[in-house]
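1. attaching a predicted model along with its sequence, questions to come.
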Amino acid sequence: MGDITGKRVLVREDLNVPMEGDRVTDDTRLRATLPTVTELADRGAIVLVLSHFGRPKVPSADTSLARVRPAYAAVLGRPVNYIDWEGDAAAVAALQPGDIAVLENTRFFGGEEKNDPATVARFAALGDLYVNDAFSAAHRAHASTEGLAHVLPAFAGRAMEAELDALEKALGNADHPVAAVVGGAKVSSKLDVLTHLVDKVDHLIIGGGMANTFLAARGVDVAKSLCEHDLIATVEGIFTAADRAHCTIHLPYDVVVSKEFAANPPSLRTCNVHEVAADEMILDIGPAATEALADVLKTCRTLVWNGPLGAFETPPFDTATVALAKTAAALTKDGSLVSVAGGGDTVAALNQAGVADDFSFVSTAGGAFLEWMEGKQLPGVAALKH
């Protein structure tokens, strides 16, 4: 990048944070921008931060990044200017080397999500260089995530760089044996992930409601459990593909069941998968299966994790997820396992287990992480390579 003193650098970050009133309830994404934004400012650049915020149909105060600016300044520990799209060129011209400004919500332009050339040109006119630091938005071919990379000298930011390095270690050029934990409610939402992973990993650990559909495909009566019976033929195809690729699919053989889905229900019990009663539902993996999965991880060098093993938001159905996450964290700390996790539910589950900081890398990206696990090319990343 060379000497960037006085250069106006458009930095695409993800400041789309959850808020209650004027308070940011989770500043993870704000903190993730620190390495890139502070380095550029310290090198004398004029840093212009681009981001979307919410899904505005029309510009509104509720979806204005002016709401995020105070919290962002607190996280950065330095002043942050806010620049509205009205009079933005004059406001940018008044900034000095080292200054940081947040530009208004990119989605206030209808052309942002359409990657409209006029919107790309409108953004590009404000900057000399472009840095994409928002992996979480890299699966979208928008003006601020993809279009700008074609019209300005383009670079990856520090967070983007760290994310891509971690993902390369996890699946691109991984140390085998590789295990993948894939959980979640529905097979239908992760079909592409599962189909892609059987050719990439040695052990595929299925959890959540998805596991019930896999168990049903193996002839298990899952009773009242969440199950996509219409996908059984598809799941059988995944079993066949896994056999062909020498990938072992791990399903629970003991499970935690209840007659009702509620916190600590009186009907709670643990049983073999073949002993689920007609009025019961499977809500977590049992202790014996959890221990067996921990033994699998001990034989592996790499782990990719997306989704919980049970209905983890409701105690005690977080037990298996927490236990296996703690095993993975301990193996990572020992240096025997590279562990990469991603997706909103996954981050929440690892935080609940108190081990997010012990994994090799935890991605805050949701859709982008999932599309990467599906083996898809992400437009925002591909544009930087271009």
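-> Happy to help now that I have it. Residues are numbered from 1 along each chain as shown.
2. so, low pLDDT: which residues of the stretch 101-250 of the chain?
-> Across the stretch 101-250 of the chain, nothing is flagged by pLDDT under 70.
3. surely residue 52 meets residue 137?
-> Yes. Counting by CB atoms under 8 Å, residue 137 is a contact partner of residue 52 at 7.1 Å. From N, CA and C alone the C-beta is placed, and that goes for glycine too.
4. shared neighbours of the two, which are they?
-> residue 14 (CB atoms under 8 Å, 6 or more residues apart in numbering).
5. any idea how many residues pack against residue 385?
-> Using other CB atoms under 10 Å, residue 385 has 9 neighbouring residues.
6. got it, and residue 243?
-> Counted with other CB under 10 Å, residue 243 comes out at 12.
7. which SSE is it in?
-> helix 232-244 (DSSP states H and E).
8. what's in contact with the very next helix or strand once past that helix?
-> Counting by DSSP H and E, the next helix or strand C-terminal to helix 232-244 is strand 248-250. Residues outside strand 248-250 that contact it (CB under 8 Å, 6+ apart) are 198, 202-206, 214, 238-239, 242, 292-293, 296.
9. out of these, list just those in strands.
-> 203, 204, 205, 206 (DSSP state E).
10. surely the third one meets residue 295?
-> So the one you mean is residue 205. No. Using CB under 8 Å, residue 205 is not in contact with residue 295; the gap is 11.7 Å.
11. the two - which one has more neighbours?
-> Applying other CB under 10 Å to residue 205 and residue 295 shows that residue 205 carries more neighbours, namely 25 against 9.
12. now that one: how far from residue 276?
-> As judged by CB to CB, to the nearest Å, residue 205 and residue 276 stand 20 Å apart.
13. go on, residue 349?
-> 24 Å.
14. more neighbours: the two, which one.
-> Set side by side, residue 349 and residue 276 show more neighbours around residue 349, with 26 against 22, by other CB under 10 Å.
15. just the pLDDT for that one.
-> We have a pLDDT of 87 for residue 349.
16. Provide the secondary structure category for it.
-> helix (DSSP: H, G, I helix; E, B strand; the rest coil).
17. isn't it up against residue 311?
-> No. Under the criterion of CB under 8 Å, residue 349 makes no contact with residue 311, lying 11.0 Å away.
18. tell me what the longest helix along the chain is packed against?
-> Counting by DSSP state H, the longest helix found in the chain is helix 319-334. Using 3 or more CB pairs under 8 Å, 6 or more residues apart in numbering; DSSP states H and E, the elements in contact with helix 319-334 are strand 281-285, helix 287-298, strand 302-306, strand 338-342, helix 344-353.
19. ok, which of these comes nearest residue 132?
-> Closest to residue 132 of these is strand 338-342 (CB to CB; 17.9 Å).
20. partners of that closest one, with directions?
-> Here strand 338-342 is paired, per DSSP bridges, with strand 302-306 (parallel), strand 361-363 (parallel).
21. since that was my last question, I'll sign off now.
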